[in-house]
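J.: quick one, structure for this:
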Amino acid sequence: MLMGPRISNQTEVVTEIKKRLTVDQEAFLSGISQGTRVLEYGPYRAIFHQGEHADSVFYLRQGMVKLAVASPDGREAIVAILGPGGFFGEGCLAGDKSRREEATSLTDCTLTRVEKSAMTRALHEQRDVLELFLDHLLSRNLRYEQDLIDQLFNTSEKRLARTLLLLAQTDKDRKAEAVLPRVNQETLAQMVGTTRSRVSHFMNKFKKLGLIDYSGVGGVRVHHALANMV
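T.: Predicted coordinates for the structure are as follows:
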């Protein structure tokens with residue numbers, strides 16, 4: 001039986017990078033004194049649309065953001081779900097004139113918008129800012145590689161388990177954390193690449209096995225034991 005490659009080593013690398021990002025994120029923001037603005041968004045608000053002029057980078061301080069790409073016929077593909085500490089919109093730094101995707105808040109969000117010119121200047125003049133941003137890019141690249149391996153080799157059940165763990169930002173060494181209730185089963189199905197009915201089936205199975213449970217406010221709590229499935 002052909003088995004897919006394990007991605008635990010890459011997961012450890014990404015986890016370590018995320019720890020560094022968490023420690024240094026305030027230093028990163030304080031290192032850019034001009035060209036920044038703090039923004040607040042409620043759930044399911046458009047932060048920017050696909051095709052809009054790209055002139056800034058966003059840093060997610062609190063909440064959860066969905067990045068998605070729409071085809072000409074209206075079909076949507078989710079590129080990523082970002083939690084606190086994530087950057088997005090950085091394509092403008094590589095020469096993108098317009099946004100490649102749409103960014104939507106899934107929960108109440110607090111963002112810092114950094115103008116392209118201010119970000120470019122900080123990357124050239126401040127080594128700490130450059131190193132932190134390179135860590136972010138490396139983490140994002142490894143995550144995309146993991147996602148590709150996951151889609152190629154794992155079953156939809158394992159893909160769902162990994163998605164829940166990533167959204168909860170948990171692993172074998174951490175206690176359970178709640179997945180925010182705004183990530184509904186339709187969104188999970190899009191991320192996993194399966195149907196909503198299959199997601200519902202697997203969620204019920206995980207609940208019966210004690211791998212997840214539902215909090216009093218409608219959220220899903222993911223237990224670290226779910227990591228054993230991936």
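
J.: what about stretch 69-76, distance to the chain center?
T.: 20 Å (CA atoms, centre = their mean, to the nearest Å).

J.: residues making contact with it?
T.: Residues from elsewhere that reach stretch 69-76 (CB atoms under 8 Å, 6 or more residues apart in numbering): 50, 68, 77, 79, 100-102, 190. Every C-beta, even on glycine, is put in place using the N, C-alpha and C of the backbone.

J.: which one is R45 nearest to, not counting chain neighbours?
T.: Using CB to CB, 6 or more residues apart in numbering and skipping the chain neighbours, the partner closest in space to R45 is S105 (4.9 Å).

J.: buried stuff in the lengthiest helix in the chain?
T.: In the chain, with assignment by DSSP state H, the single longest helix is helix 127-153. Neighbour counts over helix 127-153 (16 or more other CB atoms under 10 Å) mark 129, 132-133, 135-136, 139-140, 142-143, 146-147, 150 as buried.

J.: any idea which of those residues is closest to G91?
T.: Lowest distance from G91 to the buried residues of helix 127-153 (CB to CB) belongs to R140, with 11.6 Å.

J.: and the closest one, how close does it get to Q126?
T.: Here the criterion is CB to CB, to the nearest Å. By it, R140 lies 20 Å from Q126.

J.: how many neighbours does the closest residue to I212 other than its chain neighbours have?
T.: Of all residues not flanking I212 in the chain, F206 sits nearest, at 4.6 Å (CB to CB, 6+ apart). Residues contacting F206 under the criterion other CB atoms under 10 Å number 22.

J.: which residues sit in contact with F206?
T.: 161, 164, 212, 226 are the contacts of F206 under CB under 8 Å, 6+ apart.
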